[in-house]
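1. Turn this into a model:
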Amino acid sequence: MNANTHFAFLDEGSKKEIRRTILKAVAIPGYQTPFASREMPIARGWGTGGLQITLSIIGKADVLKVIDQGADESVNAVSIKKLVHETTGIELTESTQESTVIQSRHRIPEVPLTKDQVLVLQVPMPEPLRRVEAKEYITKRLHAEEEYSGAWLMLFEQIMKYGKTATDADHPVLVNGRYVMAPSPIPRFDNPKMHQSEALILLGAGREKKIYAVPPYTDVESLAFDDYPFKVESFAGQHCSLCGATDVFMDELIDSATGETIYQCNDTSYCLERLNEMKKVEVESTHA
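-> This is a model prediction of the structure:
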């Protein structure tokens, strides 16, 4: 930790203001709470909202994991980990189970989270009604009046055009039976993980200056019509070419050697942990 910087980079006044905003967001699940987004040493749009939340809640005893689209080793994830570590000295990990704070872009880990963990999601566009209404003061009024016909119309138009809802990511959800919320650009596969999650989920949009939350054990329902129910991405009949997993979100790749289509776990640390466990079992069986 650099002696010339504040613990966790932000000054104490800024962290207190952000924590107060987080408390309000937790008290009103799914509600977009405005906050005074600070200038950060990374560009807006690269996770400044999530980073400010992480820096405001992190403590010396915490263990941090950072994911970027399922990977722990991407440029964005490595840069964020470096900044937090250099200004706090806290322990870093790639293991979901060992972490207490997880900051993520575009994914929720495959391993179920626990009540002792906090998931921080980076959000580029927090307003689920922005595609149908450009004016902020109008979307605020629509939320206040619980008027979400625009979100339903958007899904209806997709069904008319494509025969199904076409939201590959950021499919809107209804939180605690009240607010329609953008879950961040996670794939549809991850939406059900928010429902009744044991972990606290915090979502931050630095550029849009909004923080919102899904408290533990909160109902989260993906918007869908009765005759066109919500469906996650299907990988039926496929398995990870590395660890053999079948019940996870996978990336579709082309094998450079054969030219054939193969699948691999999108969550790289989950895949690595499965591989290590498989090797451990193999070694034990060899020595048995």
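2. Run through the strands of the protein in chain order.
-> Along the chain, counting by DSSP state E, strands occupy 33-34, 63-68, 91-92, 101-105, 118-122, 173-175, 179-181, 200-205, 210-214, 220-222, 250-254, 261-265.
3. which stretch among those strands comes nearest residue 132?
-> The minimum distance between residue 132 and the strands of the chain falls on strand 179-181, with 11.4 Å, by CB to CB. Where C-beta positions appear, they are placed from N, C-alpha and C, glycine not excepted.
4. List the buried residues of that closest one.
-> 179-181 (16 or more other CB atoms under 10 Å).
5. quick one: which of those is nearest residue 61?
-> residue 181 (30.6 Å).
6. coming back round to it: possible to save the strands of the chain as a markdown table with mean pLDDT?
-> Formatted as a markdown table, the strands of the chain follow (pLDDT from 0 to 100):
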| stretch | mean pLDDT |
| --- | --- |
| strand 33-34 | 98 |
| strand 63-68 | 98 |
| strand 91-92 | 98 |
| strand 101-105 | 97 |
| strand 118-122 | 98 |
| strand 173-175 | 98 |
| strand 179-181 | 98 |
| strand 200-205 | 98 |
| strand 210-214 | 98 |
| strand 220-222 | 98 |
| strand 250-254 | 95 |
| strand 261-265 | 96 |
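7. Save those as CSV, and put in distance to residue 192 too.
-> Converted to CSV, the strands of the chain look like this (distance: least, CB to CB, whole Å):
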stretch, distance to residue 192
strand 33-34, 25
strand 63-68, 18
strand 91-92, 29
strand 101-105, 16
strand 118-122, 14
strand 173-175, 10
strand 179-181, 15
strand 200-205, 13
strand 210-214, 13
strand 220-222, 8
strand 250-254, 17
strand 261-265, 18
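8. shaky segments in the stretch 151-288 of the chain?
-> 288 (pLDDT under 70).
9. any chance you could map the helices in it?
-> Here the stretch 151-288 of the chain has its helices, by DSSP state H, counting those that start in this stretch, at 191-194, 268-287.
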